[in-house]
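Student: no sequence for this one, just the structure:
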């Protein structure tokens, strides 16, 4: 995606940046759209500026002081919003956003929207594994409730591999942030878009572990209608997931190569549901 | 107990027969099939239409009891052929067969198909079927098969049958590993004489896929053929990056009815002479199944090791050019 304008009440975007000024412009756009949609919006910042100066970071938004006074806009420091994040676990953090969304709805807003500068949460590898799980759980929540989020990560701090680990758990991301995206959808165990090949093999293993989908009646439906390529190793990763969960995995895809590969490899735990 | 000449033989009994007329063809093939039926052995024939008609005409009941496979389907490519025959024979053995007999027309330039990968097939079959109680009879028509093909046939079959009914061990047979190690395909597509349409130095699998998809769209190839080539090239480039020695180079040529891609690295290529024709062991350090998959997705694949220390995989989608004389070094 090229920008963050005109997204819906539910959207979940990862933006990998190298220029904090540029990403803050996008955050302003994203929050302005939320306000226009009637959502309560929240800006979580890593800025070290004194609390009284934080509203100035959103100068482009217009009416910041009024929105803050009315409660339509909240500004929090990263440390405050994610207090004890690594201690409380991914599900608790999702519960916190669910509570904020319910509060916003109760106060008459159409939902809740957060833009978070979150680099500081994922500096360490173990933090990223936990965060991948959190991103997927919150993504599932977003498919059902009017909660939207923009998560911004600094590539200069984290490096391309670490940002890809996080970006690939979002349904939308900045250009070239990740070769594929594994995300939640309402009518399947998960969806995967983009391209899956050898170069993304380790990334895909981490994404599958983060999603950790639960079979329903021995079935795992994967929406791969947005997948443009899959190699044999990635298909074997999905087959292994199905076998580990004692499930049959159905890959809904337009790729004719998927049934060809299933046939050549003699895979029995996975089948293709071809779309036109 | 196995019937016929293969009685007492363990594993694969691989036999060639060179014939120069339809009568000579029938004099070898008909007794092979009739004896199989008489012994109650599963008996299969995978011929091109002309030879199948000859056989059906010469057998009582048009060959009732024999399983006829369409030769063009069975011999679509060597890797698929090995897999299908293995599966078929294993199934019959599981059902109690003491021996399975199979005869068929292996394609060659005389029948419009390039030969090199079928030469590798004939050699590799000695390994790939080694554990199976299979008697395979490979008749070759000396009227159509080029001399280079017949020379390879002699080097890859441990047993020979002659039109008079004689059968004997073949003194010209070479160990398959020796044969395959020395096998350097002479094949190059005529379009390779031109400048390539695309040349990529150090491609990623993704950039290689883009190039193939874009080039394929400019040909008459079907969407399915292009998708298969995209997958095959992606697998081979991934192998080159992972297991080869840099730099990996991709070159691509198009003709209206085909796309030819070569992927070259500075390594020696897989050490396993059967690579591509049979699935690699899952723990193989030289790559998994990519080359074997490519052999099943493309209409032609050749492997080349140059004297200057490069390894090249050539992949063709569409109608491969089939030079009438396809040679082999050594």
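Tutor: Yes, it's here. Please read these numbers as outputs of a predicted model, since none were measured by experiment.

Student: Could you list the domains of chain B?
Tutor: As recorded under automatic domain parsing, the domains making up chain B are B:4-181, B:190-318.

Student: Which parts of the stretch 151-276 of chain A are strands?
Tutor: Shown for the stretch 151-276 of chain A, the strands assigned by DSSP state E, counting those that start in this stretch span residues A:172-173, A:180-185, A:188-196, A:219-223, A:227-230, A:248-253, A:270-274.

Student: near chain B, anything from the longest one?
Tutor: Yes. On the criterion C-beta under 8 Å from any C-beta of the partner chain, strand A:188-196 is in touch with chain B at residue A:195. Every residue, glycine included, has its C-beta placed from N, CA and C.

Student: State the number of residues packed around the closest residue to chain A within chain B.
Tutor: Of the residues in chain B, the one nearest chain A is residue B:238, at a distance of 3.9 Å by C-beta to the nearest C-beta. Applying other C-beta atoms under 10 Å in any protein chain shown, we find 25 other residues in the vicinity of residue B:238.

Student: and what of residue A:62?
Tutor: For residue A:62, using other C-beta under 10 Å, the count is 11.

Student: The closest residue to residue B:72 other than its chain neighbours - how many residues pack around it?
Tutor: The spatially closest residue to residue B:72, leaving aside those adjacent along the chain, is residue B:48, at 7.1 Å (C-beta to C-beta, 6 or more residues apart in numbering or on different chains). Neighbours of residue B:48 under the rule other C-beta under 10 Å: 16.

Student: Ok, the one 4 residues further on next?
Tutor: Counted with other C-beta under 10 Å, residues neighbouring residue B:52 total 20.

Student: Quick check: chain neighbours aside, which residue is closest to it?
Tutor: Once flanking residues are discounted, residue B:52 sits nearest to residue B:68: 6.1 Å by C-beta to C-beta, 6+ apart.

Student: Any residues of the stretch 201-330 of chain B in contact with chain A? List them.
Tutor: By the criterion of C-beta under 8 Å from any C-beta, the positions of the stretch 201-330 of chain B lying close to chain A are B:204-206, B:209, B:223-224, B:227-228, B:230-231, B:234-235, B:238, B:241-242, B:288-290, B:293, B:296-297.

Student: what do you get if the cut-off is 7 Å, keeping everything else the same?
Tutor: On the criterion C-beta under 7 Å from any C-beta of the partner chain, chain A has as its neighbours in the stretch 201-330 of chain B the residues B:204-206, B:209, B:224, B:227-228, B:231, B:234-235, B:238, B:242, B:288-290, B:293, B:296.

Student: Narrow these to just the buried residues.
Tutor: Neighbour-count burial (16 or more other C-beta atoms under 10 Å in any protein chain shown) applied to those gives B:204-206, B:209, B:227-228, B:231, B:234-235, B:238, B:288-290, B:293, B:296.

Student: can I get the domains of chain B in a markdown table with distance to residue A:25 and mean pLDDT?
Tutor: As requested, those are exported to a markdown table (distance: least, C-beta to C-beta, whole Å; pLDDT from 0 to 100):
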| stretch | distance to residue A:25 | mean pLDDT |
| --- | --- | --- |
| domain B:4-181 | 55 | 96 |
| domain B:190-318 | 30 | 93 |
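
Student: For residue A:221, which of those domains is the nearest?
Tutor: Taking C-beta to C-beta, domain B:190-318 is the member of the domains of chain B nearest to residue A:221, at 23.0 Å.

Student: what's near enough to touch residue B:24?
Tutor: Contact analysis of residue B:24 by C-beta atoms under 7 Å, 6 or more residues apart in numbering or on different chains lists residue B:163.

Student: Where does it fall, secondary structure wise?
Tutor: For residue B:24, the element it lies in under DSSP states H and E is helix B:22-38.

Student: for residue B:17, same thing?
Tutor: Using DSSP H and E, residue B:17 maps to strand B:13-19.

Student: mind checking how far that strand is from the chain centre?
Tutor: When C-alpha coordinates are averaged (C-alpha atoms, centre = their mean, to the nearest Å), strand B:13-19 and its chain have centres 16 Å apart.

Student: Over to stretch A:222-231?
Tutor: Going by C-alpha atoms, centre = their mean, where stretch A:222-231 is centred and where its chain is centred differ by 18 Å.

Student: Can that stretch be said to contact chain B?
Tutor: Yes. Shown here: stretch A:222-231 in contact with chain B (C-beta under 7 Å from any C-beta) through A:229, A:231.

Student: So for that stretch, first residue to last residue, what's the gap.
Tutor: Terminal residues of stretch A:222-231 lie 16 Å apart, using C-alpha to C-alpha, to the nearest Å.

Student: what about that stretch, average pLDDT?
Tutor: Stretch A:222-231 shows a mean pLDDT of 97 in the predicted model.

Student: Surely residue A:135 is in contact with residue A:171?
Tutor: No. With contact defined as C-beta atoms under 7 Å, residue A:135 and residue A:171 do not form a contacting pair (10.2 Å).

Student: Would you mind telling me which of those two has the busier surroundings?
Tutor: The residue with more neighbours, out of residue A:135 and residue A:171 and counting by other C-beta under 10 Å, is residue A:135; that gives 31 against 21.

Student: Quick check: phi and psi on that one?
Tutor: Reported as degrees, to the nearest 10, the phi and psi values for residue A:135 are phi -60, psi -40.

Student: before we move on, what about residue A:247?
Tutor: According to degrees, to the nearest 10, the main-chain angles of residue A:247 amount to phi -130, psi 160.

Student: Give me the pLDDT value at the residue of the stretch 101-250 of chain A found nearest chain B.
Tutor: Nearest to chain B in the stretch 101-250 of chain A, going by C-beta to the nearest C-beta, is residue A:198, at a distance of 3.9 Å. The score at residue A:198 is 93. That number is its pLDDT.

Student: how about it, what does it touch?
Tutor: In this structure, residue A:198 makes contact with A:231, A:233, B:205, B:238, B:242, judged by C-beta under 7 Å, 6+ apart.

Student: What ranges does chain B have for its strands?
Tutor: If you assign secondary structure with DSSP state E, the strands in chain B sit at B:13-19, B:43-47, B:67-70, B:100-104, B:134-141, B:159-161, B:167-169, B:198-201, B:249-255, B:258-265, B:300-305, B:311-318.

Student: For residue A:121, find the nearest of those strands.
Tutor: Where the strands of chain B are weighed against each other on C-beta to C-beta, the nearest is strand B:198-201, at 38.8 Å.

Student: buried residues in that closest one?
Tutor: B:198, B:200.

Student: likewise stretch A:217-236?
Tutor: Per 16+ other C-beta under 10 Å, stretch A:217-236 contains these buried residues: A:220-236.

Student: show me where the chain has helices.
Tutor: Looking at chain A here, since you left the chain open. Secondary structure of chain A (DSSP state H): helices located at A:20-36, A:64-70, A:78-81, A:85-88, A:90-106, A:125-144, A:155-158, A:160-167, A:201-211, A:232-244, A:257-265.

Student: other chain: chain B
Tutor: Counting by DSSP H, chain B forms helices over residues B:22-38, B:49-58, B:71-74, B:78-94, B:116-128, B:147-156, B:176-181, B:205-216, B:223-243, B:290-297, given from the N-terminal end onward.

Student: What residue in the stretch 1-150 of chain A comes nearest to chain B?
Tutor: Counting by C-beta to the nearest C-beta, the stretch 1-150 of chain A gets nearest to chain B through residue A:16 (18.1 Å).

Student: so that residue sits right up against residue A:172, yeah?
Tutor: No. Here residue A:16 does not reach residue A:172: they are 11.9 Å apart, not a contact under C-beta under 7 Å.

Student: For residue B:124, give me its contacts.
Tutor: For residue B:124, the contacting residues are B:176, B:180, B:274, B:277, B:278, by C-beta under 7 Å, 6+ apart.

Student: measure it to residue B:135 for me?
Tutor: Residue B:124 sits at a distance of 18 Å from residue B:135 (criterion: C-beta to C-beta, to the nearest Å).

Student: and the residue nearest to residue B:52, bridged to which residues?
Tutor: Residue B:68 has the following beta-bridge partners by DSSP bridges: residue B:45.
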